[in-house]
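In: task: produce atomic coordinates for the following.
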Amino acid sequence: MNPIYEQMKTSVFERMSLAAAKHGAVNLGQGFPDFGWPDEILDAAAKALTNGSNQYAPSRGLPSLRDAVASHYGRQFGQDLSADQICVTSGATEALGAAILATVEPGDEVIVFTPAYDSYVPMIRRAGGTPVEVALEPPEWRIDCDAIERAVSAKTRAIIFNNPHNPAGRLFDAAELKAIADIARDRDLIVISDEVWEHVLLDGRRFTPLATFPGMSERTIKVGSAGKIFSLTGWKVGWLVAVPHLANLVSRAHQFLTFATAPNLQAAVAFGLDEGDGWLQPMRDRFQRARDRMTDGLGAAGFKVLDATSTYFLCVDLEASGIAVDDERFATAAVEQAGVAVVPLSAFAEHDPPRHLVRLCFGKKDETIDAGIAAMAKARELFA
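Out: As a prediction, this is how the structure comes out:
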């Protein structure tokens with residue numbers, strides 16, 4: 001058996017969701033919203049299912065969706081893209097896996113900023129590479145240019161960069177993006193830029209794609225997600241964007257992973273991107289209200305909540321909240337005894353992770369948020 005998988009633990013998201021179901025708990029652990037999808041896109045998917053093709057789509061995606069992705073980024077960020085720079089994948093996680101498998105060779109090193117989405121490291125190892133962690137320190141979670149320089153070696157092949165950042169809920173600023181770009185250019189590195197949260201921005205913030213920095217378009221593989229844009233995570237429609245030769249390379253890895261994605265879902269996402277720029281700001285406003293409701297409620301219950309400016313996640317600092325137990329013990333007690341599932345942040349790093357933070361998803365209806373806050377208050381009492 002492959003030791004990578006033989007020794008691998010179940011994903012923390014799956015583990016906490018199963019625990020939530022077992023104990024009848026409010027699930028604020030796994031990151032899926034329970035509101036926010038435009039009904040028009042669901043109607044488009046149903047129409048495409050009954051009236052369109054239900055056979056294999058082209059491996060790189062329906063032409064209509066590839067055109068729609070290119071046009072969307074032209075309108076949103078002023079990028080001059082074409083369909084031959086797009087490859088549609090079965091979710092962003094598959095896009096990340098294909099990008100890693102296509103660019104990392106045995107013996108290569110790949111820099112990963114922790115806390116990090118938990119698919120990065122296993123895929124790096126499956127490709128024969130070695131992950132090299134660079135820790136982002138709470139509560140600011142800022143990019144440290146010197147730390148990156150120390151991590152780069154002659155074996156470094158790529159950087160995996162997540163912006164906006166899950167689980168920190170932070171949008172990196174222009175100086176931090178420039179630091180990543182400068183190091184990638186100077187060291188001739190590929191950047192796999194996980195930008196799935198690019199539209200889930202709060203407080204009027206604006207996103208800048210890493211590929212728009214000088215010299216970065218030719219070395220950036222961007223990963224995007226319809227699931228995050230339209231709150232349709234179960235559809236698993238993602239894509240990657242790169243210059244043609246990189247897009248061609250990654251598409252060869254993709255064709256032997258999932259080959260193609262459901263054509264009716266692709267058609268509906270194409271409709272959403274072409275018609276739906278007006279849906280973005282109402283979505284952001286709704287998530288912002290949800291964040292504020294959860295932040296205020298947790299604060300009133302005595303929790304210290306770190307700033308969240310993007311994504312639909314926030315972090316609670318247990319230590320600063322006067323709770324003297326680690327994140328795993330708190331999360332276990334919270335789901336089993338208090339009725340709320342949260343995610344311990346120590347699961348997002350292998351080496352010396354922070355053990356005083358838990359992540360909560362605020363992309364929920366008011367009644368779900370209120371029930372979660374009440375359960376968190378009960379969890380706090382367990383350690384009074």
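
In: got the buried residues for the helix ranked longest in the chain?
Out: Across the chain, the longest stretch assigned as helix under DSSP state H is helix 277-300. For helix 277-300, burial by neighbour count (16 or more other C-beta atoms under 10 Å) applies to 279, 283-284, 286-288, 290-291, 293-295, 297-298. C-betas here are computed from N, CA, C, even on glycine.

In: strands of the stretch 151-300 of the chain, start to end?
Out: Taking DSSP state E, counting those that start in this stretch, the strands of the stretch 151-300 of the chain run over residues 156-162, 190-194, 220-225, 238-241.

In: tell me the mean pLDDT over the last one?
Out: The average of the pLDDT scores along strand 238-241 is 98.

In: by contact count, what packs against that strand?
Out: Under the contact definition 3 or more C-beta pairs under 8 Å, 6 or more residues apart in numbering; DSSP states H and E, strand 238-241 sits against helix 63-77, strand 86-89, helix 92-103, strand 220-225, helix 226-229, helix 244-254.

In: direction included, what does that strand pair up with?
Out: strand 86-89 (antiparallel), strand 220-225 (antiparallel) (DSSP bridges).

In: returning to what we had before: any idea which of the strands of the stretch 151-300 of the chain gets closest to Gln79?
Out: Of all those, it is strand 238-241 that lies closest to Gln79, at 8.4 Å by C-beta to C-beta.

In: give me the contacts around that closest one.
Out: With contacts defined as C-beta atoms under 8 Å, 6 or more residues apart in numbering, strand 238-241 is touched by 61, 65-66, 69, 73, 81, 85-95, 98-99, 196, 211, 221-227, 247, 250, 254.

In: try 6 Å this time
Out: Strand 238-241 has contacts (C-beta atoms under 6 Å, 6 or more residues apart in numbering) with 69, 85-89, 91-92, 95, 221-225, 250.

In: quick check: bridge partners of Asn162?
Out: Under the criterion used (DSSP bridges), Asn162 bridges to Asp194.

In: I'd say it and Asp194 touch.
Out: Yes. The criterion here is C-beta atoms under 6 Å, and Asn162 meets it with Asp194 at 4.2 Å.

In: wait, Phe348 sits on Phe113?
Out: No. Here Phe348 does not reach Phe113: they are 10.1 Å apart, not a contact under C-beta under 6 Å.

In: which of those two has more neighbours?
Out: Counted by other C-beta atoms under 10 Å, Phe348 and Phe113 do not tie: Phe113 has more neighbours, with 26 against 22.

In: which residues does Ala135 bridge with?
Out: Beta-bridge partners of Ala135, as defined by DSSP bridges: Thr114.

In: that one against Thr114, yeah?
Out: Yes. Ala135 is within contact range of Thr114, at 5.3 Å (criterion: C-beta under 6 Å).

In: those two: which is more packed in?
Out: Between Ala135 and Thr114, counted using other C-beta under 10 Å, the more crowded position is Thr114 (20 against 17).
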